[in-house]
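1. missing the sequence, but the structure's below:
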């Protein structure tokens with residue numbers, strides 16, 4: 001005998017756990033499933049910025065992230081070789097520009113909040129397939145990896161939060177758009193004894209070098225290369241990694257004064273796509289619905305934002321204020337409107353596309369103007385309305401006030 005849930009969510013990482021929490025808080029009967037054990041880490045980037053910190057505060061969870069020993073990032077250094085700028089005191093209403101909790105920490109906070117709200121959570125559970133009734137997805141077939149027990153569960157809606165290789169997306173043949181193949185390979189590890197604070201993004205010779213603090217007094221350091229270089233990088237990973245770090249002297253000095261505490265982790269299956277995120281009886285959220293290169297670190301914040309959009313749509317549909325299919329169509333529209341500009345910019349940056357003349361002029365004019373630098377980063381991070389900084393009149397004023405003139409920025 002099996003239960004009937006309002007919603008079954010497959011995948012209990014950032015997107016799935018957030019959606020489960022929000023829907024359970026709205027009073028729905030939610031089943032949250034994940035193949036991995038509770039609290040396990042995952043080899044993914046974990047910088048939370050843009051919408052993410054503000055949503056965590058709204059949900060009452062940001063204090064838990066800080067209490068885990070994850071220092072807030074209130075500075076942002078962007079160094080592209082010809083120009084380097086640092087935004088300072090990037091905090092609005094007590095919320096910093098970013099936080100870098102390890103994925104095990106972040107996922108546990110969200111799962112715990114979902115369970116506290118009333119969601120049922122099963123870890124070590126694999127979904128083997130989906131059931132179809134009257135042409136719609138109606139349930140899941142799965143098994144407990146520890147006991148081997150098999151079960152079938154039914155729900156009004158099945159949500160796939162199961163990552164870029166989503167089994168549900170394959171099952172329903174979800175169409176893709178805005179696609180681009182894997183652009184880069186990424187490798188990262190963790191260092192102790194590093195004095196850096198805040199987020200650091202450096203671009204050198206078609207390599208991106210990123211660093212930020214995380215839990216346990218560690219600093220994450222990551223480097224990307226064009227995907228064509230993957231095999232050469234893998235053949236001498238530590239040497240190539242440190243050679244890239246050494247291209248940024250201040251970063252190199254800080255990292256080499258510390259000690260690497262873990263092995264190198266890597267990713268080279270990083271396609272770029274938006275999928276149609278809904279159909280009859282199903283929806284997709286997080287990387288299952290939109291996946292992109294980690295260049296701008298959009299994954300976690302976008303997953304939380306889209307989980308919020310989806311929870312609102314599901315509540316409209318199951319709550320009876322509009323047909324569920326129409327409400328999910330509204331979810332797709334909200335997601336696309338919120339996603340596309342950053343998605344396309346991220347693809348440009350991951351391709352190491354040269355900046356436009358206007359971008360070069362702006363970057364060249366910013367050094368020495370700390371107020372403008374701070375507002376540049378606040379607007380870029382969505383902490384103030386983007387149009388407060390990125391409007392033609394303000395850009396013209398910043399450029400006119402700059403003393404360096406246009407410089408060619410190496411990307």
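-> Noted; the coordinates are in hand. Here the structure is a predicted model, which is why all the values come from computation and not from measurement.

2. Every contact and neighbour count from this point should use C-alpha atoms.
-> Fine.

3. Check the contact between residue 152 and residue 132; I expect there is one.
-> No: the pair residue 152 and residue 132 fails to qualify as a contact (C-alpha atoms under 8 Å) at a distance of 11.9 Å.

4. Average pLDDT for the helix or strand harbouring residue 234, rounded please.
-> Residue 234 belongs to helix 230-235 when assigned by DSSP states H and E. Helix 230-235 carries an average pLDDT of 97.

5. cool, stretch 262-280 as well?
-> Per-residue scores along stretch 262-280 average to 97.

6. Tell me the span between the first and last residue of that stretch.
-> Criterion C-alpha to C-alpha, to the nearest Å; first-to-last residue distance in stretch 262-280 is 44 Å.

7. what helix or strand does the closest residue to residue 127 other than its chain neighbours sit in?
-> Once flanking residues are discounted, residue 127 sits nearest to residue 142: 4.2 Å by C-alpha to C-alpha, 6 or more residues apart in numbering. If you go by DSSP H and E, residue 142 is part of strand 136-144.

8. angle of the helix or strand that comes right after that strand against strand 136-144?
-> Downstream of strand 136-144, the first helix or strand assigned by DSSP H and E is strand 150-160. Angle, strand 150-160 to strand 136-144, by axes from the mean of the first three to the mean of the last three C-alpha atoms, to 10 degrees: 130 degrees.

9. hmm, who's touching strand 150-160?
-> Under the contact criterion C-alpha atoms under 8 Å, 6 or more residues apart in numbering, strand 150-160 has outside partners 2-11, 16, 137-144, 166-169, 281-285, 288.

10. What pairs with it, parallel or antiparallel?
-> strand 4-10 (parallel), strand 136-144 (antiparallel), strand 282-284 (parallel) (DSSP bridges).

11. what pLDDT, on average, does the second one get?
-> Okay, so that is strand 136-144. Mean per-residue pLDDT for strand 136-144: 97.

12. what comes up buried for it?
-> For strand 136-144, the neighbour count (16 or more other C-alpha atoms under 10 Å) marks 137, 138, 139, 140, 142, 143, 144 as buried.

13. what sits against the residue most central in space within the chain?
-> In the chain, the centroid-proximal residue (C-alpha atoms, centre = their mean) is residue 299; its distance is 1.6 Å. Listed by C-alpha under 8 Å, 6+ apart, the contact set of residue 299 reads 286, 287, 291, 292.

14. Buried residues, stretch 107-122. List them.
-> 107-115, 117-122.

15. Next secondary structure after the helix holding residue 234?
-> helix 237-245.

16. Helix 237-245 and the helix or strand that that next one is followed by, what's the angle between them?
-> Next along the chain after helix 237-245, taking DSSP H and E as the criterion, comes helix 249-256. Interaxial angle, helix 249-256 versus helix 237-245 (the same axes, to 10 degrees): 140 degrees.

17. circling back to that earlier point, what are the contacting residues of the strand holding residue 142?
-> Identification of contacts with strand 136-144 by C-alpha under 8 Å, 6+ apart yields 8, 124-132, 149-158, 280-282.

18. what's the neighbour count on the residue lying closest to residue 135 once chain neighbours are set aside?
-> Nearest-residue entry for residue 135: residue 280, 7.7 Å, with adjacent residues in sequence omitted and distances by C-alpha to C-alpha, 6+ apart. Neighbours of residue 280 under the rule other C-alpha atoms under 10 Å: 17.

19. Kindly report the same for the one 10 residues further on.
-> Residue crowding around residue 290 was assessed by other C-alpha under 10 Å; the count is 29.

20. wait, it sits on residue 275?
-> Yes: with contacts counted by C-alpha under 8 Å, residue 290 reaches residue 275, the gap being 6.1 Å.

21. before we move on, back to that, which of the contacts of strand 150-160 count as buried?
-> If we count by 16+ other C-alpha under 10 Å, the contacts of strand 150-160 have these buried: 4-11, 16, 137-140, 142-144, 166-169, 281-285, 288.

22. Make TSV out of the contacts of residue 299 and add pLDDT and secondary structure.
-> Converted to TSV, those look like this (pLDDT from 0 to 100; DSSP: H, G, I helix; E, B strand; the rest coil):
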residue	pLDDT	secondary structure
286	98	helix
287	98	helix
291	98	strand
292	97	coil
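
23. Just give me the closest of these to residue 342.
-> Nearest to residue 342 among these is residue 292, at 10.2 Å by C-alpha to C-alpha.

24. Just name whatever secondary elements the helix or strand of the chain with the lowest mean pLDDT is in contact with.
-> When the helices and strands of the chain are scored by mean pLDDT, DSSP states H and E, helix 357-365 comes last with a mean of 91. Where contact means 3 or more C-alpha pairs under 8 Å, 6 or more residues apart in numbering; DSSP states H and E, helix 357-365 is packed against helix 392-401.

25. so what does the helix it packs on touch, helix or strand wise?
-> Here helix 392-401 touches helix 357-365, going by 3+ C-alpha pairs under 8 Å, 6+ apart.

26. Helix 392-401 and the helix it packs on, what's the angle between them?
-> 50 degrees.

27. Could you chop the chain up by domain?
-> 4-42+103-179+272-348, 184-267, 357-401 (automatic domain parsing).

28. Single out the most deeply packed of these.
-> Of all the domains of the chain, domain 4-42+103-179+272-348 carries the top mean neighbour count, a mean of 20, counting by mean count of other C-alpha atoms under 10 Å.

29. how far does that domain sit from the chain's center?
-> In this view, domain 4-42+103-179+272-348 has its centroid 14 Å away from the chain centroid, taken as C-alpha atoms, centre = their mean, to the nearest Å.
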